[in-house]
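Undergrad: could you look at this predicted model? Sequence included:
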Amino acid sequence: MKQEQIDRINELYHKSQAVGLTDAEKEEQAALRKQYVADIKASLRGHLNNISIVEKDGSVTDLGKKYGNVGKTES
(Lines give C-alpha, C1' and ligand atoms only; values in the text may rest on other atoms or scores of the structure.)
Protein backbone atom coordinates (compact mmCIF):
# COMPACT_ATOMS: atom_id res chain seq x y z
CA MET A 1 0.00 0.00 0.00
CA LYS A 2 1.31 3.40 -0.92
CA GLN A 3 1.99 6.05 1.69
CA GLU A 4 -0.59 8.33 0.06
CA GLN A 5 -3.28 5.72 0.71
CA ILE A 6 -2.25 5.37 4.35
CA ASP A 7 -2.29 9.14 4.70
CA ARG A 8 -5.79 9.19 3.21
CA ILE A 9 -6.98 6.56 5.73
CA ASN A 10 -5.66 8.76 8.54
CA GLU A 11 -7.17 11.89 7.02
CA LEU A 12 -10.59 10.25 6.78
CA TYR A 13 -10.33 9.00 10.35
CA HIS A 14 -9.55 12.46 11.70
CA LYS A 15 -12.34 14.00 9.65
CA SER A 16 -14.80 11.39 10.93
CA GLN A 17 -13.89 12.32 14.50
CA ALA A 18 -14.14 16.06 13.85
CA VAL A 19 -17.12 16.63 11.56
CA GLY A 20 -18.23 13.25 10.19
CA LEU A 21 -18.01 11.70 6.75
CA THR A 22 -20.25 11.70 3.72
CA ASP A 23 -21.54 8.36 2.46
CA ALA A 24 -18.99 8.42 -0.37
CA GLU A 25 -16.17 9.07 2.10
CA LYS A 26 -17.38 6.23 4.32
CA GLU A 27 -17.28 3.89 1.33
CA GLU A 28 -13.79 5.10 0.41
CA GLN A 29 -12.62 4.63 4.00
CA ALA A 30 -14.02 1.08 4.12
CA ALA A 31 -12.36 0.16 0.81
CA LEU A 32 -9.00 1.61 1.88
CA ARG A 33 -9.15 -0.18 5.23
CA LYS A 34 -10.04 -3.47 3.53
CA GLN A 35 -7.07 -3.13 1.18
CA TYR A 36 -4.78 -2.21 4.09
CA VAL A 37 -5.79 -5.30 6.06
CA ALA A 38 -5.36 -7.52 2.98
CA ASP A 39 -1.86 -6.10 2.41
CA ILE A 40 -0.89 -6.69 6.05
CA LYS A 41 -2.16 -10.28 5.91
CA ALA A 42 -0.24 -10.95 2.69
CA SER A 43 2.92 -9.49 4.20
CA LEU A 44 2.56 -11.58 7.34
CA ARG A 45 1.89 -14.73 5.31
CA GLY A 46 5.03 -14.05 3.28
CA HIS A 47 7.12 -13.72 6.43
CA LEU A 48 5.63 -16.84 8.00
CA ASN A 49 6.22 -18.85 4.83
CA ASN A 50 9.95 -18.10 5.11
CA ILE A 51 10.34 -19.54 8.62
CA SER A 52 12.33 -22.71 9.04
CA ILE A 53 12.76 -24.60 12.30
CA VAL A 54 15.89 -26.56 13.15
CA GLU A 55 14.75 -29.66 15.02
CA LYS A 56 16.67 -31.27 17.89
CA ASP A 57 17.96 -33.98 15.55
CA GLY A 58 19.40 -31.32 13.23
CA SER A 59 16.81 -31.64 10.50
CA VAL A 60 15.20 -28.50 9.14
CA THR A 61 11.43 -28.12 8.85
CA ASP A 62 10.38 -25.48 6.31
CA LEU A 63 7.05 -24.20 7.61
CA GLY A 64 6.24 -22.52 4.30
CA LYS A 65 6.37 -25.85 2.50
CA LYS A 66 4.68 -27.72 5.35
CA TYR A 67 1.79 -25.34 6.06
CA GLY A 68 1.84 -22.47 3.59
CA ASN A 69 1.60 -24.33 0.28
CA VAL A 70 4.93 -22.81 -0.79
CA GLY A 71 6.59 -24.73 -3.58
CA LYS A 72 3.48 -26.80 -4.34
CA THR A 73 1.92 -26.63 -7.77
CA GLU A 74 -1.82 -26.13 -8.16
CA SER A 75 -3.74 -28.76 -10.12
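TA: It's in. Numbers count the residues shown, from 1 in each chain.
Undergrad: contacts, neighbours, all on C-alpha from now
TA: OK.
Undergrad: so where do the helices sit in this protein?
TA: Assigned by DSSP state H, the chain shows helices spanning 3-18, 23-49, 63-67.
Undergrad: ok, which of these comes nearest residue 56?
TA: Closest to residue 56 of the helices of the chain is helix 63-67 (C-alpha to C-alpha; 15.8 Å).
Undergrad: ok so, going back, will you turn the helices of the chain into TSV that also has mean pLDDT and distance to residue 57?
TA: What follows is these, written out as TSV (pLDDT from 0 to 100; distance: least, C-alpha to C-alpha, whole Å):
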stretch	mean pLDDT	distance to residue 57
helix 3-18	96	45
helix 23-49	94	22
helix 63-67	82	17
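Undergrad: for the ones you listed, give me CSV that also has mean neighbour count.
TA: As requested, the helices of the chain are exported to CSV (neighbours: other C-alpha atoms under 10 Å):
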stretch, mean neighbour count
helix 3-18, 13
helix 23-49, 13
helix 63-67, 14
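Undergrad: wait, residue 61 sits on residue 67?
TA: No - taking C-alpha atoms under 8 Å as the definition, residue 61 is not a contact partner of residue 67, at 10.4 Å.
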